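Participant: Just to be clear, the model below is a prediction. Sequence and coordinates:
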Amino acid sequence: MNHDDIQTRLSALIDDELPAAEADTLRAHLNDCAECREAYTAMLALGTWVQRDAMTPLPPVLAAQLSASLGPTAPAAPARPVRQSAPVRGWFWPSLTGLGGVLAGAALMFAVLPLLQPSSDLLSQDLLAGHIRALQVDHLSDVISTDQHTVKPWFAGKLDFSPPVHDLVADGFPLAGGRLDYLQQRPVAVLNYRYRLHVIEVYAWPAAGKPVGEALQTRQGYQILGWQQEGMNMWAVSDLNGADLQRFAGLLKKAGGVS
């Protein structure tokens, strides 16, 4: 579907009128398309503004001023009662009107839009952002070493867990170092590996809940692959091709005793 097709379905998406599969497809598109996301946000903001202002009572002072301006024969306009509605997740909608209301609604929707995204998409975005940020500032490692017995102890006392560190130099994936990052509301370990001229970053933190799926994702030319081993969530991010990244993950699991 092109942008026009997507945008003609946004109203139905907002009103929950689409089949679940189509709604998921649209939300995935909104995650990656700024143009359609902007249209979606504006539509949400406009709907919020209209619904909110339709329930806002006319202030008595303004009603009296309007009555006076219309002349003595015009009946005074009583303040419209507030129509009661169910609270919306505890949100308070400010009583703004006109363009200010639209802008306030739009700003709020930009803040709320991530809540509509599946948690797996948000995690992938955070992983990719962390990887690109490290590449841009040339800060891939806090400890630079090819020795796993140097890298693993470096994390001691800096984290409340010990990440699995394995050297795969014999398989063509030498360890290059490690660093700390912050992800999923907690500090995480990041292990750096190399494959020829490619950088592979592996994010690791204690696993909780259901196992991580191993589906390979592609975002902005980078591959993202998640799995669990040795009690840890492990997520690899690299510009390496998908087949080689999956081979790397398999070697890392084997080194950790995971079949």
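Facilitator: Cool, the structure landed.

Participant: Would you mark the buried spots in the strand or helix carrying His131?
Facilitator: In the assignment (DSSP states H and E), His131 maps to helix 119-136. Neighbour counts over helix 119-136 (16 or more other C-beta atoms under 10 Å) mark 121, 123-128, 130-131, 134 as buried. Bear in mind the C-beta positions are built from the backbone N, C-alpha and C, glycine included.

Participant: which residues are in contact with it?
Facilitator: Applying C-beta atoms under 8 Å, 6 or more residues apart in numbering, the contact partners of helix 119-136 are 28, 31, 114, 140, 179, 181, 183-184, 190, 199, 201, 203, 213, 217, 219-220, 222, 224, 235, 237-238.

Participant: Filter those down to just the buried residues.
Facilitator: Buried residues within the contacts of helix 119-136, counting neighbours by 16+ other C-beta under 10 Å: 31, 140, 179, 181, 183, 190, 199, 201, 203, 217, 222, 224, 235, 237-238.

Participant: Sort out which of the residues you listed are in helices and list them.
Facilitator: Among the buried ones among the contacts of helix 119-136, DSSP state H puts Asn31 in helices.

Participant: Need the three-state assignment for Ala215.
Facilitator: Three-state call for Ala215 (DSSP: H, G, I helix; E, B strand; the rest coil): coil.

Participant: Residues in a beta bridge with Ile144, which ones?
Facilitator: Gly177 (DSSP bridges).

Participant: Number of residues surrounding it?
Facilitator: Around Ile144 there are 14 other residues, counting by other C-beta atoms under 10 Å.

Participant: Report the two of the buried ones among the contacts of helix 119-136 separated the most.
Facilitator: Largest separation among those by C-beta to C-beta: Asn31 and Arg179, giving 27.2 Å.

Participant: low-confidence ranges in the stretch 151-259 of the chain?
Facilitator: Filtered on pLDDT under 70, the stretch 151-259 of the chain yields the residue ranges 209-213, 259.

Participant: quick one on the thing from earlier: mean confidence score for the helix holding His131?
Facilitator: Averaged over helix 119-136, pLDDT sits at 86.

Participant: Could the C-alpha coordinates of it be exported in PDB?
Facilitator: Extracted C-alpha coordinates of helix 119-136, given in PDB (Å, rounded to 0.1, in the frame of the first residue of the first chain):
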ATOM      1  CA  SER A 119       6.900  -3.600  22.800                       C
ATOM      2  CA  SER A 120       9.100  -5.700  20.400                       C
ATOM      3  CA  ASP A 121       9.200  -2.800  18.000                       C
ATOM      4  CA  LEU A 122      10.100  -0.300  20.700                       C
ATOM      5  CA  LEU A 123      12.900  -2.600  21.900                       C
ATOM      6  CA  SER A 124      14.200  -3.000  18.300                       C
ATOM      7  CA  GLN A 125      14.200   0.800  17.900                       C
ATOM      8  CA  ASP A 126      16.100   1.300  21.200                       C
ATOM      9  CA  LEU A 127      18.700  -1.300  20.300                       C
ATOM     10  CA  LEU A 128      19.300   0.200  16.800                       C
ATOM     11  CA  ALA A 129      19.400   3.700  18.300                       C
ATOM     12  CA  GLY A 130      22.000   2.600  20.900                       C
ATOM     13  CA  HIS A 131      24.100   0.900  18.200                       C
ATOM     14  CA  ILE A 132      24.100   3.900  15.800                       C
ATOM     15  CA  ARG A 133      24.800   6.300  18.600                       C
ATOM     16  CA  ALA A 134      27.900   4.300  19.600                       C
ATOM     17  CA  LEU A 135      29.100   4.200  16.000                       C
ATOM     18  CA  GLN A 136      28.600   7.900  15.600                       C
END
